[in-house]
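> sharing a model that was predicted from the sequence below.
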Amino acid sequence: MNLDVLAGCVTTASCFVTQVSTGLIVGMLLFLVASGLSLIFGVLGVVNFAHGVFYMLGAYFAFAAYEVTGSFILALLAGAAGAGLLGIVFERFFMSRVYGRDLLMQLLVCYAAILICDDLVKIVFGADYKLMGMPESFAAAPVEVMGGFIPGYYIFMLAMALGIGAVLWLGINRTRLGKIIRALAINPQMVGALGINTRLLYAAVFGMGCVLAGTAGALAAPVRTLTPGMGLSVLIESFIVTVIGGMGSIPGALVAAVLIGLTRAFGAIGFPLFTDGLMFALMGLVLILRPSGLLGTRTA
Amino acid sequence: MRTGLARDLGIGLLCLVALLALPVLFPHPSLRDFLIYVIAYGLLAMSLNLLVGLTGLVSFGHAAYFASGAYVFGLLMQGGAVSIPVAMLAAVGGTALLALVIGAICVRLKEIYFSFITLAFQMFIHSIILTWVELTGGDQGLRGGIPRPPFLGIDLGEAGTLYGFCAVVFVLCLLVMRQVWQSPFGYTLRMIRDNPARANFLGVDVVRMKLGVFVLAGIMASVAGIIMALFVSGAFPEFGFWTTSGEAIFMIMLGGTQVFLGPVIGAFLLQLLNHYVTIWTHHHGLVLGIVILAIVLGLRRGVADYAAAWLAERRAASRPAAVPGPAETPAPAETKAVG
């Protein structure tokens, strides 16, 4: 523990700004992954334990597209679309067969998906670490805020994540399709009886959740190293985020993701070896005091 | 004395004889190693099935107690002050205490939240193991080997004796779990699994029952951890990693949750699969994943459950006049019907 270092950092403007920006970036990536997880749980009532796979696939698709085309926009699109399409395939052929069965079966289908996809990525891209590198358009000098430096790409990521979050929230709460999706979460039989193709909608919602994970992966590709199995830590952290924020709540995911991001950023200074433990302790505390999460409505 | 106890004891004795005879009949050291892995992981899976199959609590953090048993035992033996049986008792007792504290918090939560919080506690313990380097050796694990001083004339330094000792401990644990499985306590747990509200109305203290089985499962898992630590002469952080829990869940699923010995069959099949797959290919996860999918989507239940249901059907078909017996215990029903 280096509490005095932590105190020193919090009181120094430049260190504080740097850590907050790092925390926000970690938080934004987690927010995207966790909001996808939360969306799928909220509507379909299943927990996609394979969600980290789509984050990983998004990153690798973006990496491949960037290698081929050299365009970052195309890389982002490839990551999002690729993860979304595979998500729909996974939902239609595998997940949809275990809806309504026990949790154990859903867990195992996802466990199998993790094992298979990690190995497939290893076969296609190799087991070694991959670096995508920063796109040239973001190579400009970092922005200086109160003595701390924030890379331009961080600002782009922050804006992207918040923008996507806002669109998602508006889409669900302010559009006709969003209304149907919310109805689907509450009473699928009724929605089906009204002549709406619920299967298609389930696949679409699952695919949307995977697009969110894939986008997060593609956004993370320039700043993280790519390895098969990279989805795992993100998966566990985004679980923590959904549990803290409340399952099925997108604003909750945002609040919790920022909380976890800042915990990670400042924990890395104050308790470098205990950062993971700190996150799990936070989750345990929330589960004990408020089992439905900070902004969740479902009761445990 | 409960009915069937004599039969269970007899079957236990037969199992023990078979386990002890196998390495004598086929004197190959790799067979013995293979069987010890099956024993250790089989015991872990059996203990987890007390929660999953019997009580309907899908714990995703059961490996924490496996690791705690292995580490406490290893550390006490490296300290050198105590003999093997004392260190085993202390490791089991310490783990029981740990499971009691964690369980008191976890069993109040239901379904997916229970899975999450058990996972969280396991990762918490895993991160403690990784960070407390002076005590646990961090990511290198407990190094320098675990001494195995002779006690009561038993020298576990000798490989054959070690194997026999593990087999005896294994069968004893199975008998204890069988007793629980068939006891009124076991049937109360089944009632909690199938209808917790009704169990509550009937005056069952659901939380206390769940906590009881949680601690018992932790104790059994710690014995599995001790066997593993004795065998590999060390303890490693992977023992407490989430993948160990995942594998244990898979073993249960592979074997079956409703047949008592299902998880051991699952452990055996998984070890067999691991053994052959690693010989053929480096892409171990790919093959394993496809096998899991085939079983979950094809058989829709574990191998032993499938066989038991098939046998029951055959029996019912051959005696059409007889009243059809309970073919299988239905899995806990999901309230939310989707799709």
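Ah, there it is. The shown structure was predicted, so the numbers you read here are calculated from the model rather than taken from an experiment.
> output the below-cut-off pLDDT ranges for the chain.
Went with chain A since none was named. A:1, A:139-141, A:297-300 (pLDDT under 70).
> actually chain B
In chain B, residues with pLDDT under 70: B:1-2, B:320-339.
> okay, stretch A:17-31 in PDB with CA atoms only?
The C-alpha coordinates for stretch A:17-31 follow below in PDB (Å, rounded to 0.1, in the frame of the first residue of the first chain):
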ATOM      1  CA  VAL A  17      -6.000  14.700 -14.400                       C
ATOM      2  CA  THR A  18      -4.000  11.900 -16.000                       C
ATOM      3  CA  GLN A  19      -5.400   9.300 -13.600                       C
ATOM      4  CA  VAL A  20      -9.000  10.500 -14.100                       C
ATOM      5  CA  SER A  21      -8.600  10.300 -17.900                       C
ATOM      6  CA  THR A  22      -7.200   6.800 -17.700                       C
ATOM      7  CA  GLY A  23     -10.000   5.800 -15.400                       C
ATOM      8  CA  LEU A  24     -12.600   7.300 -17.700                       C
ATOM      9  CA  ILE A  25     -11.200   5.400 -20.700                       C
ATOM     10  CA  VAL A  26     -11.200   2.100 -18.800                       C
ATOM     11  CA  GLY A  27     -14.700   2.900 -17.600                       C
ATOM     12  CA  MET A  28     -16.000   3.800 -21.100                       C
ATOM     13  CA  LEU A  29     -14.800   0.500 -22.600                       C
ATOM     14  CA  LEU A  30     -16.400  -1.400 -19.700                       C
ATOM     15  CA  PHE A  31     -19.600   0.600 -20.100                       C
END
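> that stretch and chain B in contact?
No. Stretch A:17-31 does not reach chain B (Cβ under 8 Å from any Cβ of the partner chain); its nearest approach is 15.7 Å. (Each C-beta comes from the backbone N, C-alpha and C, glycine too.)
> what lies in contact with that stretch?
A:9, A:145-150, A:154, A:157-158, A:160-162, A:165, A:216, A:219-220, A:223, A:234, A:237-238, A:241, A:253-254, A:257-266, A:269 (Cβ atoms under 8 Å, 6 or more residues apart in numbering or on different chains).
> buried ones among those residues?
Neighbour-count burial within the contacts of stretch A:17-31 applies to A:9, A:148, A:150, A:154, A:157-158, A:160-161, A:165, A:216, A:219-220, A:223, A:234, A:237-238, A:241, A:253-254, A:257-266, A:269; the criterion is 16 or more other Cβ atoms under 10 Å in any protein chain shown.
> which ones among those residues are found in strands?
Assigned to strands by DSSP state E, the following of the buried ones among the contacts of stretch A:17-31 qualify: A:148, A:150.
> just the ones of the buried ones among the contacts of stretch A:17-31 in helices?
Among the buried ones among the contacts of stretch A:17-31, the members falling in helices are A:9, A:154, A:157-158, A:160-161, A:165, A:216, A:219-220, A:234, A:237-238, A:241, A:253-254, A:257-266, A:269 (criterion: DSSP state H).
> also near chain B: which of those, exactly?
Okay, of these, nothing touches chain B (Cβ under 8 Å from any Cβ).
> can I assume residue B:213 is in contact with residue B:50?
Yes. Using Cβ atoms under 8 Å, residue B:213 is in contact with residue B:50, at 5.5 Å.
> separation between residue B:206 and chain A?
15 Å (Cβ to the nearest Cβ, to the nearest Å).
> could you do residue B:79 as well?
Taking Cβ to the nearest Cβ, one finds residue B:79 at 24 Å from chain A.
> what number of residues lie near that residue?
Using other Cβ atoms under 10 Å in any protein chain shown, residue B:79 has 10 other residues around it.
> go on, residue B:265?
21.
> residue B:112 too?
Neighbours of residue B:112 (other Cβ under 10 Å): 22.
> next: the one 4 residues further on.
Other residues near residue B:116 number 25, with proximity taken as other Cβ under 10 Å.
> wasn't it part of a helix?
Yes. Residue B:116 forms part of a helix when assessed by DSSP: H, G, I helix; E, B strand; the rest coil.
> which non-adjacent residue is nearest it?
residue A:243 (5.4 Å; Cβ to Cβ, 6 or more residues apart in numbering or on different chains).
> secondary structure class for the one you found?
Going by three-state DSSP: residue A:243 is helix.
> that one touches residue B:113, doesn't it?
Yes. Assessed by Cβ under 8 Å, residue A:243 is found in contact with residue B:113 at 7.4 Å.
> hey, what's in contact with both of the two?
Joint contacts of residue A:243 and residue B:113 (Cβ under 8 Å, 6+ apart) are residue A:287.
> of the two, who's got more company?
residue A:243 (29 against 20).
> quick one: that one from residue A:41, how far?
11 Å (Cβ to Cβ, to the nearest Å).
> now swap in residue B:36 and tell me
Counting by Cβ to Cβ - residue B:36 and residue A:41 are separated by 41 Å.
> same check on residue B:74?
Relative to residue A:41, and taking Cβ to Cβ, residue B:74 is found at 40 Å.
> could you do residue A:218 as well?
23 Å.
> neighbour count winner among the two?
A direct count of neighbours by other Cβ under 10 Å for residue A:218 and residue A:41 places residue A:218 higher, at 32 against 20.
> count the neighbours of the spatially closest residue to that one that is not a sequence neighbour for me.
Nearest non-adjacent residue to residue A:218, counting by Cβ to Cβ, 6+ apart: residue A:79, 2.8 Å away. Residues near residue A:79, counting by other Cβ under 10 Å, number 32.
> residue A:123 now?
13.
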